[in-house]
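Student: Here's a sequence, model it:
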Amino acid sequence: MSHVPAAVTKAFGQLGDRAVRRVAAKSIAVTMAVFAGAGVGLWFGLELLRQSAWFAALLPPSIGGPLIIVVWLAVTLVGFWLLFRAVALTVLQFFADEVVAAVEARHYPALAKTAQPLPLTREVAVASRGLLRMLGYNLLALPLAAVLLFTAVGPGLVFLAVNAVLLGRECTDMAWLRHCRGAEKANPVPFAERVLLGAVVAGMMLVPVLGLIAPVIGAAAGTHLVLRRLTCEASAA
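Tutor: Residues are numbered from 1 along each chain as shown. Next comes the predicted model:
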C-alpha cells in the first residue's frame with residue numbers, strides 16, 4: 001500500500017508551522033519575481049523590436065503595436081504554463097533545507113540529529129541539475145506531445161507523466177541528500193511511490209493558488225517518505 005496519501009496529508013498539516021509558512025512565502029515571492037522580471041524584460045525587448053526600422057517597414061504601426069501586445073501576452077502565458085514547475089522547484093531548492101528540517105524536528109527528532117545540511121554551493125549545484133533535467137526532459141517530450149495533439153488530452157498526459165517522474169525525484173532528494181552520506185543515487189523511496197508523489201504535486205501545480213504552495217507540500221511529503229524508510233531500516237537493524 002502506498003504511503004503517499006499519508007505523507008501528503010501530514011505535509012498539509014504542517015502548513016501551520018512558522019518555518020514552513022516562511023519558506024512558502026519566500027519561494028512564492030521569488031518565483032513570482034522571476035516571472036515578473038522575465039515578463040518586463042520580454043516587453044522591453046519587443047518594444048525595441050517594434051521601434052526598429054525594419055519592423056516599421058514590415059508592418060505599419062496600426063498593426064505592429066497590437067501584434068506586439070498579442071505576442072507578449074501569448075509568450076508570457078505559455079512560458080508561465082511551461083516553466084512554472086521548473087522555476088518553482090528550482091527556487092524551492094534554495095530553501096528546501098528549512099522545510100526538511102521542520103519536518104525532521106516535528107516528526108523525526110532522532111534523524112534530525114544526524115542530518116547534514118547542504119552548503120550553499122551544493123544547493124546551487126543540485127538546483128542547477130534539477131532545472132536542467134526538468135527543461136531537458138520536457139523538451140524531449142515535446143515531439144511525442146505534438147504527435148498526440150489530435151487527441152486533445154494526449155499532450156497533457158505526456159507532460160504529466162514526465163513531470164511526475166521528475167518531481168517525485170526532486171521532492172524526495174531534498175531530504176535524502178541530507179542523510180545519504182554520499183550515496184546520492186540510493187534514494188530509499190521506491191520508484192512507484194516517487195512517481196505517485198510527483199503526479200500529485202504536478203496535479204496541484206495546475207490548480208490556481210494551490211499550485212503556489214505545491215512545491216513546499218511536495219518537499220514536506222517527500223521528506224516523510226524518505227525518513228519513514230530510514231526509520232523502518234533503523235528499526236529492522
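
Student: Quick check: which element contains the residue of the chain positioned farthest from its centre?
Tutor: The outermost residue of the chain relative to its centre, with distances by Cα atoms, centre = their mean, is A57 at 42.9 Å. Assessed by DSSP states H and E, A57 sits inside helix 53-58.

Student: what about that helix, distance to the chain center?
Tutor: Here helix 53-58 shows a centroid-to-chain-centroid distance of 40 Å under the convention Cα atoms, centre = their mean, to the nearest Å.

Student: for the residue nearest the centre of the chain, what are its contacts?
Tutor: Taking Cα atoms, centre = their mean, the centroid of the chain lies closest to L89, which sits 2.7 Å from it. Going by Cβ atoms under 8 Å, 6 or more residues apart in numbering, L89 touches 130-131, 134, 167, 170, 215, 218. The way it works is simple: take the backbone N, C-alpha and C, and place the C-beta from them, glycine included.

Student: Tell me which two in these are the farthest apart.
Tutor: Within these, two members stand farthest from each other by Cβ to Cβ: L131 and G218, at 15.6 Å.

Student: Look at L118 and give its secondary structure.
Tutor: Classification of L118 by DSSP: H, G, I helix; E, B strand; the rest coil places it in coil.

Student: My guess is it contacts V126. True?
Tutor: Yes: with contact defined as Cβ atoms under 8 Å, L118 reaches V126; the gap is 7.0 Å.

Student: thinking again about what came up before, measure the residue nearest to the centre of the chain to V30 for me?
Tutor: Using Cβ to Cβ, to the nearest Å, L89 is found at 12 Å from V30.

Student: Could you report the neighbour count for L140?
Tutor: 10 (other Cβ atoms under 10 Å).

Student: list the buried ones in the helix or strand where it lies?
Tutor: Assigned by DSSP H and E, L140 belongs to helix 120-147. For helix 120-147, the neighbour count (16 or more other Cβ atoms under 10 Å) marks 123, 126-127, 130-131, 134, 138, 141, 145 as buried.

Student: Quick check: next helix or strand after the helix or strand bottoming out on mean pLDDT in the chain?
Tutor: Least confident element among the helices and strands of the chain, by mean pLDDT, DSSP states H and E: helix 53-58 (a mean of 71). Note on helix 53-58: by DSSP H and E, the next helix or strand toward the C-terminus is helix 61-93.

Student: what's the angle from that following helix to helix 120-147?
Tutor: Following axes from the mean of the first three to the mean of the last three Cα atoms, to 10 degrees, one obtains 130 degrees for the angle between helix 61-93 and helix 120-147.

Student: Tell me which helix or strand comes right after helix 61-93, heading toward the C-terminus.
Tutor: Once helix 61-93 ends, the next helix or strand along the chain (criterion: DSSP H and E) is helix 96-107.

Student: Give the next helix or strand downstream of that following helix.
Tutor: Following helix 96-107 toward the C-terminus (DSSP H and E): helix 109-112.

Student: Mind giving me the packing neighbours of that next one?
Tutor: In terms of contacts (3 or more Cβ pairs under 8 Å, 6 or more residues apart in numbering; DSSP states H and E), helix 109-112 is packed against helix 96-107, helix 210-236.
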